[in-house]
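>>> Quick one: sequence and predicted model below, then my questions.
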Amino acid sequence: MTGNLTYEFANGEAAVTGCRELTPKLEIPAEAEGYKITAIAPEAFTENNMLETVNIGAELTLIGSNAFSFCENLKAINIPPSVKVLGDEVFEGCISLENVVLPPYLEEIPKALFEECASMTYIEIPSDVKIIRQRAFEFCFNLRRAVFLGNAVERIENGAFFLCRRLEHFDMPDSVTSTGKEILLGCRNLKRVHLSRSLQVINLGLLARCKSLTSLTIPESVEEICSGAFAECRRLEEFHIENDDVITGKKIFEGCEKLLADSDFVNRMEKLGITP
């Protein structure tokens, strides 16, 4: 042990494993007992409800799973640009955590990384990220903007932005070829969506209950629209499909009151073999 922090030492490097006493401010130095600190171990500070700020002076490469999960008073942390891997659920349940700058060389947004981070309003997805794992931003109720800095993301998994109620715009990079289910379900303030022009399937409930969405274009690349994809999009009134041969599931427009009240739209869909 050095100071208030505890460590594990191996192969000439150190990993932070926790602290002896709970304090509101945490300082992680570059070295401990002559060893370079390169990691924060899984669950090192989980449920530390006294913790408010974390300052990392070390050139970390890894922050382990659940390292800060359910630190309900954590407001700020600096993640060094040297970090290349974040474990699952690192900040899950950090309800006071505000905007975080993710390291630039991150290639994956892990599962439930910011789930229930209800105070977060803005996030930038680094340019090297290829996959956004399931529930990465689920229940980030106050997230207003998610900005993709590059065009490398290939897949966005189930519920990645589920119930981000204040999200207003979503510009899916054209590099995305597939998504999981319900990635934007319940984003009730979502007004504008750009779907990737490489996307092949509109998965189940993709935009369901996006009650502020008024217009949507389905790119030519899309070959299939699954059941309930746009259910309860009550204000949706402009809908365009660029591929006339698209296959559709059941009730894709269930609860889309404005669309279903437009006889021209209904007739157009029926000519395409789509039952609204």
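That came through fine.

>>> Might you calculate how far the helix ranked longest in the chain sits from the centre of the chain?
Longest helix in the chain, counting residues (DSSP state H): helix 263-271. The chain centroid and the centroid of helix 263-271 are separated by 35 Å, computed with Cα atoms, centre = their mean, to the nearest Å.

>>> when you give positions from now on, start the count at 52
Sounds good: first residue 52 from here, last item helix 314-322.

>>> Restricting to C-alpha, output it in PDB.
What follows is helix 314-322, C-alpha atoms only, in PDB (Å, rounded to 0.1, in the frame of the first residue of the first chain):
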ATOM      1  CA  SER A 314     -54.700   7.900 -47.400                       C
ATOM      2  CA  ASP A 315     -52.000   8.600 -50.000                       C
ATOM      3  CA  PHE A 316     -49.400   7.100 -47.700                       C
ATOM      4  CA  VAL A 317     -51.500   4.000 -47.000                       C
ATOM      5  CA  ASN A 318     -52.100   3.500 -50.700                       C
ATOM      6  CA  ARG A 319     -48.400   4.000 -51.500                       C
ATOM      7  CA  MET A 320     -47.400   1.400 -48.900                       C
ATOM      8  CA  GLU A 321     -50.000  -1.100 -50.100                       C
ATOM      9  CA  LYS A 322     -48.600  -0.800 -53.700                       C
END
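
>>> Report the buried residues of that helix.
316-317, 320 (16 or more other Cβ atoms under 10 Å). (Each C-beta comes from the backbone N, C-alpha and C, glycine too.)

>>> what comes into contact with that helix?
With Cβ atoms under 8 Å, 6 or more residues apart in numbering as the test, helix 314-322 has contacts from 290, 304, 310-311, 326-327.

>>> and the gap between residue 90 and residue 117?
Computed as Cβ to Cβ, to the nearest Å, the residue 90 to residue 117 distance reads 14 Å.

>>> Any of the contacts of helix 314-322 buried? List them.
Restricting these to buried positions leaves 290, 304, 310, 327, with burial counted as 16+ other Cβ under 10 Å.

>>> so of those residues, which ones are in helices?
Those of the buried ones among the contacts of helix 314-322 mapping onto helices are residue 310, per DSSP H.

>>> can you redo the buried ones among the contacts of helix 314-322 as JSON lines with pLDDT?
Formatted as JSON lines, the buried ones among the contacts of helix 314-322 follow (pLDDT from 0 to 100):
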{"residue": "290", "pLDDT": "95"}
{"residue": "304", "pLDDT": "94"}
{"residue": "310", "pLDDT": "94"}
{"residue": "327", "pLDDT": "73"}
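
>>> and the nearest residue in space to residue 237 that is not next to it in sequence, what does it touch?
What sits nearest to residue 237 in space, not counting adjacent residues and going by Cβ to Cβ, 6 or more residues apart in numbering, is residue 214, at 4.1 Å. Neighbouring residues of residue 214 by Cβ under 8 Å, 6+ apart: 189-190, 192, 236-238.
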